[in-house]
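Student: Could you work out the structure for the sequence below:
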Amino acid sequence: AALTGRVLGGARCFGEQIASGPGSLVKQVEKQLSAGMKVDTGGELYASIKAMLTELRAENDTIMREAAELTQARAEDVALEEQLVAAFREGGGAGELAEILEVTDRINSIDSRIAGLRVQQLETSKDVAALKRSLARIEVNSNDQRLLEEIDGVLDKGTPAELAAARERILGLEAELLDRFDGHSTVVQATKKEIDLAVNKLRNLVLALRIRRGTIDAEVESLRGLLVSSFYAAQRKNAQLTRLRSMQADCGKEIAFLEQVLYKLSTCERVRSIIQEGDPQKIQAEIRKLSNEADATREAVVLLEGRRLEFSEEGKETVDALRAPECVDTVSPRTAQLRESLMKSLREEELAAQRLLALRGTQAMQMKML
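Tutor: Okay, the predicted model is just below:
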């Protein structure tokens, strides 16, 4: 563990029991992974997420059955409404009108119930997506932990052939990640174009409604419906872009992790080979090289420690600003800007902590090789 710079176990979980709600489970995964804790596919958290996914999918099935039943009843009422409206326009009286109003009330009631079910289904689907991403993160972390344990053994007692095999294996994993990253990049570019189209559509709809300001008719109502729908479409595209960026960030972290392991493997191979040769000049040259690399690593640690402190202080200042009397109970562009600043400070401090963990692992390896 000292060589790899990762926590392999022994850390205590945050709380004795796993939180049960979908959002709580996702937060638990984020918290434990960010803390460098061991989270694997054989653990209670992974099993809890699996169970929650089964429960949510069953809930979704129930929602869809209820919605299908309501949709069938609605279709019958809509057909009846068409008949009654046709009869009324052909000379019907108060009786037909009363029936029309009764059917209309039933259709409106069903529409409200279906809308509620669709909102519930939407939220459930979001929970399923978030939990599936959490499962994938745990699986990646579990694979990393197993890889680290294997690499630690190879670094300590592995033969040259085992070191070379480990290096080739990691190079293969890195190539897969690079391909995945490039695939995400392609989808990101396509999504950004879709966002631009959605924004242009919104502008055109806003302009069309301003031209018709003061008019209330079927066309205006249709335009307003399209406007609201377009806002949600743009929101979905932005959410998709956020998810893609998150996946790219995860790929970037994994690639950086594998490159760190490759560096350690190659350094270990080189040092062992030089020691085996027994050439004093080569040994002295390697000592100088490792010393320079260790100095550079130490400088990076010191620099990042300073940046981490800055992010911490920025976060405290932003919290104080958000709790000021003029902001504490206010939702405004100013508070939104402050909230974004706080999110940035918190995330950057977290990432700095993770990078420091990796750097100190590299530093420990360099000192051991020296």
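
Student: make it CA atoms for all contacts and neighbour counts henceforth
Tutor: Will do.

Student: In which helix or strand does residue 41 reside?
Tutor: For residue 41, there is no enclosing helix or strand under DSSP states H and E.

Student: these two touch, right, it and residue 140?
Tutor: No. Using C-alpha atoms under 8 Å, residue 41 is not in contact with residue 140; the gap is 9.4 Å.

Student: Check the gap between residue 156 and residue 259 for me.
Tutor: As for residue 156, its distance to residue 259 is 19 Å (criterion: C-alpha to C-alpha, to the nearest Å).

Student: list the buried ones in stretch 37-46?
Tutor: Across stretch 37-46, burial judged by 16 or more other C-alpha atoms under 10 Å covers 37, 38, 39, 40, 41, 45, 46.

Student: how about the first one, secondary structure?
Tutor: On the three-state scheme (DSSP: H, G, I helix; E, B strand; the rest coil), residue 37 is labelled coil.

Student: okay, it: pLDDT?
Tutor: You'll see residue 37 listed with a pLDDT of 78.

Student: List phi and psi for it.
Tutor: For residue 37, the backbone dihedrals (degrees, to the nearest 10) come out as phi -80, psi 160.

Student: Quick check, residue 128 in contact with residue 55.
Tutor: No. Counting by C-alpha under 8 Å, residue 128 stays clear of residue 55, with 9.9 Å between them.

Student: more crowded one of these two?
Tutor: residue 128 (21 against 13; other C-alpha atoms under 10 Å).

Student: Looks like residue 134 contacts residue 26 (just checking).
Tutor: Yes. Under the criterion of C-alpha under 8 Å, residue 134 makes contact with residue 26 at 6.2 Å.

Student: separation between the residue nearest in space to the middle of the chain and residue 83?
Tutor: Nearest to the mean C-alpha position of the chain, counting by C-alpha atoms, centre = their mean, stands residue 246 at 4.7 Å. Distance, residue 246 to residue 83, using C-alpha to C-alpha: 53 Å.

Student: coming back round to it: quick one: the buried residues of stretch 37-46 as CSV, columns for distance to residue 265 too.
Tutor: Formatted as CSV, the buried residues of stretch 37-46 follow (distance: C-alpha to C-alpha, whole Å):
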residue, distance to residue 265
37, 24
38, 23
39, 25
40, 24
41, 27
45, 32
46, 31
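
Student: from these, which is closest to residue 362?
Tutor: Nearest to residue 362, judged by C-alpha to C-alpha, of the buried residues of stretch 37-46 is residue 37 at 18.8 Å.

Student: if I look at residue 338, how far off is residue 345?
Tutor: Distance, residue 338 to residue 345, using C-alpha to C-alpha: 11 Å.

Student: list residues touching both of the two?
Tutor: The contact sets of residue 338 and residue 345 do not overlap (C-alpha atoms under 8 Å, 6 or more residues apart in numbering).

Student: Give the helix, strand or coil label for residue 326.
Tutor: With three-state DSSP as the basis, residue 326 sits in coil.

Student: who's in contact with it?
Tutor: Contacts of residue 326 (C-alpha under 8 Å, 6+ apart): none.

Student: what packs against the helix ranked longest in the chain?
Tutor: In the chain, with assignment by DSSP state H, the single longest helix is helix 94-157. Helix 94-157 is packed against helix 22-34, helix 44-89, helix 160-211, with contacts defined by 3 or more C-alpha pairs under 8 Å, 6 or more residues apart in numbering; DSSP states H and E.

Student: among those helices, which is nearest residue 325?
Tutor: Closest to residue 325 of the helices and strands packed on helix 94-157, according to C-alpha to C-alpha: helix 22-34, at 29.9 Å.

Student: Now do the buried residues in that closest one.
Tutor: For helix 22-34, the neighbour count (16+ other C-alpha under 10 Å) marks 22, 25, 26, 28, 29, 32 as buried.

Student: Relative to residue 103, which of those is nearest.
Tutor: Distances from residue 103 to the buried residues of helix 22-34, taken by C-alpha to C-alpha, are shortest for residue 22, at 39.4 Å.

Student: need the strands for the stretch 201-350 of the chain, in chain order.
Tutor: With DSSP state E, counting those that start in this stretch, there are no strands along the stretch 201-350 of the chain.

Student: residue ranges of the helices in it, please?
Tutor: Assigned by DSSP state H, counting those that start in this stretch, the helices in the stretch 201-350 of the chain fall at 218-277, 280-322, 333-369.

Student: how about CSV for the ones you listed, with mean pLDDT and distance to residue 108 added?
Tutor: Shown next, in CSV, are those (pLDDT from 0 to 100; distance: least, C-alpha to C-alpha, whole Å):
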stretch, mean pLDDT, distance to residue 108
helix 218-277, 89, 17
helix 280-322, 93, 43
helix 333-369, 90, 37
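
Student: any idea how far residue 32 lies from residue 139?
Tutor: Taking C-alpha to C-alpha, one finds residue 32 at 14 Å from residue 139.

Student: what does residue 54 give?
Tutor: 18 Å.
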